[in-house]
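**Q** quick one: sequence and predicted model below, then my questions.
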Amino acid sequence: MTAVPIPTHVITGSLGVGKTTAIARLFAAKPEAERWVVILIEFSESGIDVLTVAGQARGEFDVRLVPDGCLCCASELDFTRTLRELVRGQRPARLFVEPSGIGHPAAIVEELLTHQSHGALALESVVCLVDPSRVAPVLAGAGVARDQAEVADVLVLSKADLATPAQKSVFASLAAEFYPPKRWIGEAPHGVLPRAAPAPPVPRAAFAILPPTPPEHASAAAPPLETTPLPAFGAERRASTRVGRGVAGWTFERRIGFARPRLTAQLQETASLGAERVKGVFRTGPEHWALVQVADGRVDVQESSWRRDSRVEVLLAPGSRADWQAWDALWAGTIAD
């Protein structure tokens, strides 16, 4: 009998943002009969965070500590070994991973997605908590804090009960600018992650740790998307017409890699296909991802911490003919050999 994939969550964010508190609150309210496990990747070996979770947990649980928060060298082997023991041994009903506040979570996400590809676990969410006092440095700055927000698919304003209206406004504005768009953007007052999220202003899938909630219904005014599978190169295209303009998005399986020089060269020519704007994130190597934007004839390429999949969106100029098969051929021609 095939084992059911372990539902898995990564809770990341800067030092002191409230990651352990949020996890402890979840463990305090979890179903008593379910055995949950959290892997804490700490900078030190003090184990204070272990006590925080253990002091509030309800029913069966386990806390695993991996010291040396940068997750390099020996600590990376410790994390890999701990994860392997969990997926091969007494599998928990739910798994949480808390990276250190000074650590880059991309390697953790890569490791979890590898296990997901083998059917051992299901990475349901990568949640980044943002401190109200550090919204701009985290979401608009550079470095590890920005990378933590970039790799996440959920952004949450931590300690929202202490945030000012101005801080909440800046958070909502900057969080909405990320690409790929976050699956959910919201708040966590008193360190409580949402169990059933309210409908966001823009229709997105709802976010909840437990229990899962159905996606919000798309707006009735939104035009239907025509979905076309492209199995020859591991992709799916979704296209429609909005306000007289053709728009389309492609999502590529994570295994697909792109040759960055060819991709950049081809994007220089997209104006001939009627593009007004192109925005995408592409896997360009085993550990390299690129955020690519094309506007006003200029191609801008930056490193990205996104790890889920490659995807790209195209907005055509007014009056341009939507030849999506030509775009399919363009992407196919930039896939690495």
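**A** Here it is on my side, so go on.
**Q** check what pLDDT Ala206 gets.
**A** pLDDT for Ala206: 53.
**Q** now Val130: how far from Asp147?
**A** From Val130 over to Asp147 the distance is 13 Å, taken as CB to CB, to the nearest Å. (Glycine included, C-beta is placed from N, CA and C.)
**Q** what strands flank the one helix or strand Arg64 maps to, and is each parallel or antiparallel?
**A** The secondary structure element spanning Arg64 is strand 61-66 (assigned by DSSP states H and E). The partner list of strand 61-66 in its sheet, established with DSSP bridges, is strand 36-41 (parallel).
**Q** at which residues are the helices of this protein located?
**A** Using DSSP state H, the helices assigned to the chain run over residues 19-28, 48-54, 74-88, 106-117, 135-140, 144-151, 165-175, 260-267, 324-332.
**Q** quick one, what contacts Leu316?
**A** For Leu316, the contacting residues are 245-247, 274-276, 322, by CB atoms under 8 Å, 6 or more residues apart in numbering.
**Q** with adjacent residues omitted, what lies nearest to it?
**A** Of all residues beyond its chain neighbours, the one nearest Leu316 is Gly246 (4.1 Å), with distances taken as CB to CB, 6 or more residues apart in numbering.
**Q** which residues touch His288?
**A** Glu303.
**Q** could you check how far the closest residue to Glu110 other than its chain neighbours is from Lys279?
**A** Nearest-residue entry for Glu110: Arg307, 6.0 Å, with adjacent residues in sequence omitted and distances by CB to CB, 6+ apart. Summarising the geometry, the distance separating Arg307 from Lys279, computed by CB to CB, is 18 Å.
**Q** same thing with Leu121?
**A** Leu121 sits 30 Å away from Lys279, taking CB to CB as the criterion.
**Q** next: Val312.
**A** Between Val312 and Lys279 the computed distance is 7 Å (CB to CB).
**Q** hang on, the earlier thing: out of Arg307 and Lys279, which sits in the more crowded spot?
**A** Relative neighbour count places Arg307 above the other of Arg307 and Lys279, with 23 against 18, counting by other CB atoms under 10 Å.
**Q** verify the stated contact: the more buried one with Leu113.
**A** Yes. Under the criterion of CB atoms under 8 Å, Arg307 is in contact with Leu113, at a separation of 6.5 Å.
**Q** which neighbours do these two have in common?
**A** Both Arg307 and Leu113 are in contact with Arg254, where contact means CB under 8 Å, 6+ apart.
**Q** residue contacts, the nearest residue to Ala322 once chain neighbours are set aside?
**A** By the measure of CB to CB, 6+ apart, the closest residue to Ala322 outside its immediate chain neighbours is Gly246, 3.4 Å from it. Under the criterion of CB under 8 Å, 6+ apart, the contact list for Gly246 reads 239-240, 274, 314-316, 320-322, 324.
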